[in-house]
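K.L.:
need a structure here:
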Amino acid sequence: MPRLLDELEQRIAAALMIDGRAPWRKIAAVLGEPERTIARRGSDLLAAGEVAVVGLRTRQSSALLRLECMPGTSRAAAESLAQRRDSTFSYLMTGGADCVAELLMDPQEVSSILATEVPATVGLLRVASYPVLRYFRSIRGWNSGVLTDAESVALRSELTVDFTANYPLGPLQSAAPSPLSAQDLRLLDALVEDGRSSLEALARRAGVSETTARRRSEWLLRNNFVSIRAIVEPASLGLPLEAFLWIKASPGKVDAIGRALGREPAVRYAAAVAGDPQLVADVTVSDQEELYRFTTDSPWAAEADRIETTMLLQARKRGGRLLSAP
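P.N.:
Have a look, this model is predicted:
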């Protein structure tokens, strides 16, 4: 079980979840703490791996996978999917979903990946693939709720997008296909490895000046070729119970339910998908009683035809980052 972060650590983590590249000086000013304290405590969280700021390359297509595995093979299947470069997360689950994962793909790759590569996953008994039609929230847009609205707004910049809103392309897709230079690709690689790479490090990696590194990295971020996100285990924030909700709803209610889920603090991820169910949501709560209330008492739940709940046993990959193996 991850260590529960103290109050200041949770606030620093929450600030990085809003803007992973925010300078310590800005975070300190917003949180009302000494810059030296914020820099020290924040650097310690990053060094210990309790918070990781990473970049995720965007693609034009994405799909959720729900795998049922032969007895004793679910961990191997989750590991196989986690090792894929195109997977953003890979989770071991309870219930009928032994393993859940998300893949980001270019359109020309979808057929080969979903029809040939995924069915060859070790231990697979059967798989359902759900192309994502629309995101209502991604991990990039999740806020743990420990910051005030004013603090959250103050931490945002023109390079941070609030994905709790509904964007036509969704948060994991670039604004428009565009040829990238070799320098751009090197900048992307550097940001994927370390979302907080300094301008000096980016310039050195790309072989350009710091001025060019700033201009091109901001262009890549603004046009959503890479998404910067802070990865924090929910249990570290006092939310040890994580579950996936598989929601069936009539076509006329899908958008309203999705938007409602996107406004819920407990929801880390919510998407409309092609298939049965019509919506999938990843939620994190403090205990089973809170999960019960969320799935029975929430206004959006009354609009759903059916809600299936599967609970997370282990995360092997989050936000494109491999986590420590058990």
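
K.L.:
Report pLDDT for the residue nearest the centre of the chain.
P.N.:
Closest residue to the average C-alpha location of the chain: Ile139 at 2.9 Å, with CA atoms, centre = their mean. Listed pLDDT for Ile139 reads 81.

K.L.:
correct me, but it touches Ser227?
P.N.:
No - shown here, Ile139 and Ser227 do not form a contact pair, counting by CB atoms under 8 Å, at 9.1 Å. To be clear about C-beta, it is placed using only N, CA and C from the backbone, and glycine gets the same treatment.

K.L.:
Now do Asp98 against Leu67, distance only.
P.N.:
6 Å (CB to CB, to the nearest Å).

K.L.:
what touches both of these two?
P.N.:
74, 77 (CB atoms under 8 Å, 6 or more residues apart in numbering).

K.L.:
Please, where are all the strands along the stretch 1-150 of the chain?
P.N.:
51-57, 61-69, 87-93, 99-105, 124-137 (DSSP state E, counting those that start in this stretch).

K.L.:
orientation of the last one relative to strand 61-69 in degrees?
P.N.:
Angle of strand 124-137 versus strand 61-69, following axes from the mean of the first three to the mean of the last three CA atoms, to 10 degrees, is 140 degrees.

K.L.:
Pull the residues that contact strand 124-137.
P.N.:
Counting by CB under 8 Å, 6+ apart, 61-70, 73, 77, 102, 110, 114, 118-119, 121, 163-164, 166-167, 170-172, 258-259, 261-262, 267-275, 280 sit against strand 124-137.

K.L.:
out of these, which are buried?
P.N.:
Among the contacts of strand 124-137, those classed as buried by 16 or more other CB atoms under 10 Å are 61-69, 73, 77, 102, 110, 114, 118, 121, 163-164, 167, 170-172, 258-259, 261-262, 267-273, 280.

K.L.:
neighbours around Phe244, how many?
P.N.:
23 (other CB atoms under 10 Å).

K.L.:
Then it would be within a strand, right?
P.N.:
Yes - counting by DSSP: H, G, I helix; E, B strand; the rest coil, Phe244 is found in a strand.

K.L.:
Distance of it relative to Leu323?
P.N.:
According to CB to CB, Phe244 and Leu323 sit 17 Å apart.

K.L.:
go on, Leu104?
P.N.:
From Leu104 over to Leu323 (counting by CB to CB), the distance is 18 Å.

K.L.:
got it, and Gly262?
P.N.:
In terms of CB to CB, Gly262 sits 25 Å off from Leu323.

K.L.:
for Ser298, same thing?
P.N.:
29 Å.

K.L.:
okay, the two: which has more neighbours?
P.N.:
Leu323 (19 against 16).

K.L.:
Contacts only, for that one.
P.N.:
With CB under 8 Å, 6+ apart, Leu323 has these contacts: 315-317.

K.L.:
okay, now Gln108: neighbour count?
P.N.:
9.

K.L.:
Please enumerate residues in contact with the helix or strand harbouring Ala213?
P.N.:
Here Ala213 sits within helix 210-222, counting by DSSP states H and E. When contacts are defined by CB under 8 Å, 6+ apart, helix 210-222 is touched by residues 158-159, 183-184, 187-188, 191, 199-200, 202-203, 206, 208, 226, 228.

K.L.:
out of those residues, which are inside strands?
P.N.:
Members of the contacts of helix 210-222 lying in strands (criterion: DSSP state E): 226, 228.

K.L.:
where exactly do the strands run in the stretch 201-326 of the chain?
P.N.:
Counting by DSSP E, counting those that start in this stretch, the strands of the stretch 201-326 of the chain are 226-232, 241-248, 267-273, 279-285, 306-318, 321-322.

K.L.:
strand partners of the longest one, parallel vs antiparallel please.
P.N.:
Counting by DSSP bridges, the strands paired with strand 306-318 are strand 87-93 (antiparallel), strand 241-248 (antiparallel), strand 321-322 (antiparallel).

K.L.:
quick one, it and strand 99-105 angle?
P.N.:
70 degrees.

K.L.:
Could you check how sure the model is about strand 306-318, as an average pLDDT?
P.N.:
96.
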